[in-house]
Structure formats: structure tokens, C-alpha cells
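*Asks:* Let's see this in three dimensions:
(chains A and B)
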Amino acid sequence: AQKITQTQPGMFVQEKEAVTLDCTYDTSDQSYGLFWYKQPSSGEMIFLIYQGSYDEQNATEGRYSLNFQKARKSANLVISASQLGDSAMYFCAMRETGGFKTIFGAGTRLFVKA
Amino acid sequence: GAVVSQHPSRVICKSGTSVKIECRSLDFQATTMFWYRQFPKKSLMLMATSNEGSKATYEQGVEKDKFLINHASLTLSTLTVTSAHPEDSSFYICSASHWGLAGSSTDTQYFGPGTRLTVL
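*Replies:* Predicted structure coming up:
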């Protein structure tokens, strides 16, 4: 069965510093997608970054990068140069390619300090 | 691109009434839409998967007669909470998958802004 694990319920980072949010996953499928979403206090889920299981290079989107280690089944999100507006809940998610369900981790709340 | 809207954003209703929440994909056709429920400080719980023109597939433990889902077109899905009770109070979020949208992964779901339901 698929499973997403986020072991950090809360993280603090100083403004302008980088932070890594951990995510490990479990699946028996060879083809899947990994996602990170940001949920600010307003509640909307904002798509940040996607990594396909067959992608050889780590995905990057602006200040976000995904550290994909397939053998270790980890997909950590790295946010560089943290900003106050990055304070939010972050969810790691996985979806089997061609399937319909996306499963979410428990989330990590990030606090950016000025 | 890939914008999903939800309406209403907030609703307060009396116990026993029914509430309809709309989810629309504004700039793409969504063959599949998903409905999630989120409790405070918790992750998203998938309630059902909705495919255009067919019956929704509900997750285990979700009452299909309680949470009616209609996916009438490629841009609209509705969730109706029937005979709402205080325990139905929650944050409901829809998402939509698009296929073939240039520049985006075909596996990505885009989320609506959510609807906060309060049943008195």
C-alpha cells in the first residue's frame, strides 16, 4: 500500500536561510509522481513542485527544489532563501501514474523567523 | 493556467439543511475531480473521486447518500452535504486533474480554495 511519511510536525527557519522538509514514501509501483503543496492559513492548496519517478534530475521551481533519492524512497523539499511568506503548512503527496488517488502526508508546519 | 474555483468559500447552515458546494475548473477541462475533507491541523482526507458523466467513487467510510457528488460537465463538480449535522462541519477542498495541459504534468492535481462549512 502507498504511504507518505512526514516526520517533522513543525520546523523553524531564519529568514533568508535554506530549509529542508523531509518526506519518505512507500510504494510497490515503478511509475509514480511526487508532489509538494503549500497550504497557507487561508486554506488553499498551492502546487509547488513535481517529480516523476523516472525523472533522472531533481526538479526545481524557483526557490523550491526536490531532493529525490529513489533508492531511499525520499523526496525532500528544499526551500532556499526563506521568506516570511513561506510560513505555512507543507504537504508531500504521491500519486501512481495513471491512477486517480493522491495520498498526502501529515504535513509539516514551517515557521519563518524574521 | 490551471485554476480551480470553489463556491461558496464559507457557509453557515442550520442542522438538518442541505448545502451544495461547487467546484469549477476555469481554464481547463477536468475529466476527474476529487473531493477532500480536512479537519483542523490535519491532512487531507480523500472522500471521493468524480469522473465526468459517471458515478463518483467513494472512499471507505464515506456515506454516499450523505455526500452527494455530481460531475455534470468537464468543468463542474458539485458536492451536496445532505441533512447536515454539526459533525459535518469541516473544510472541504476539491481538486481537478487535467490532461495534456501544455507545460504541466498530466499527473498534477490543482486545488480549489476550499469551503469552510459550519453547521449549527
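*Asks:* Which positions in chain B make contact with chain A?
*Replies:* B:2, B:32, B:34, B:38, B:42-44, B:46, B:49, B:57, B:91, B:93, B:95, B:97, B:105, B:107-114, B:116 (Cβ under 8 Å from any Cβ of the partner chain). The C-beta positions use only the backbone N, C-alpha and C, and glycine is treated the same way.
*Asks:* can you pull the contacts of the residue of chain A found nearest chain B?
*Replies:* At 3.6 Å from chain B, residue A:45 is the closest residue in chain A, using Cβ to the nearest Cβ. Shown in contact with residue A:45 (Cβ atoms under 8 Å, 6 or more residues apart in numbering or on different chains): A:37, A:38, A:39, A:91, B:44, B:93, B:95, B:111, B:114.
*Asks:* hang on, the earlier thing: what subset of the residues of chain B next to chain A is buried?
*Replies:* B:2, B:32, B:34, B:38, B:43-44, B:46, B:49, B:57, B:91, B:93, B:95, B:97, B:105, B:107-114 (16 or more other Cβ atoms under 10 Å in any protein chain shown).
*Asks:* Can you find the helix or strand of the chain with the lowest average pLDDT?
*Replies:* All of this is about chain A. strand A:102-104 (a mean of 89; mean pLDDT, DSSP states H and E).
*Asks:* right idea, wrong chain: chain B
*Replies:* Quick look at chain B via mean pLDDT, DSSP H and E: least confident is strand B:109-111, a mean of 87.
*Asks:* List the contacts of that one.
*Replies:* By Cβ under 8 Å, 6+ apart, strand B:109-111 touches A:35, A:37, A:44-47, A:95, A:102, B:2-4, B:25, B:34, B:93-98.
*Asks:* Swap in 7 Å and give it another go.
*Replies:* A:44, A:45, A:47, A:102, B:2, B:4, B:34, B:93, B:95, B:96, B:97 (Cβ atoms under 7 Å, 6 or more residues apart in numbering or on different chains).
*Asks:* Tell me the one of those nearest residue B:86?
*Replies:* Within the contacts of strand B:109-111, the smallest distance to residue B:86 is 19.9 Å, found for residue B:93 (Cβ to Cβ).
*Asks:* and the closest one, bridged to which residues?
*Replies:* residue B:36 (DSSP bridges).
*Asks:* how much space between it and residue A:74?
*Replies:* Between residue B:93 and residue A:74 the computed distance is 26 Å (Cβ to Cβ, to the nearest Å).
*Asks:* My understanding was that residue A:15 contacts residue A:87; is that so?
*Replies:* No. Contact criterion Cβ atoms under 7 Å: residue A:15 and residue A:87 do not qualify, at 9.9 Å.
*Asks:* Which residues are in contact with each of these two?
*Replies:* residue A:112.
*Asks:* could you pull out the strands for chain B?
*Replies:* Secondary structure of chain B (DSSP state E): strands located at B:4-7, B:10-13, B:19-25, B:30-38, B:44-51, B:57-58, B:67-73, B:76-81, B:90-98, B:109-111, B:115-119.
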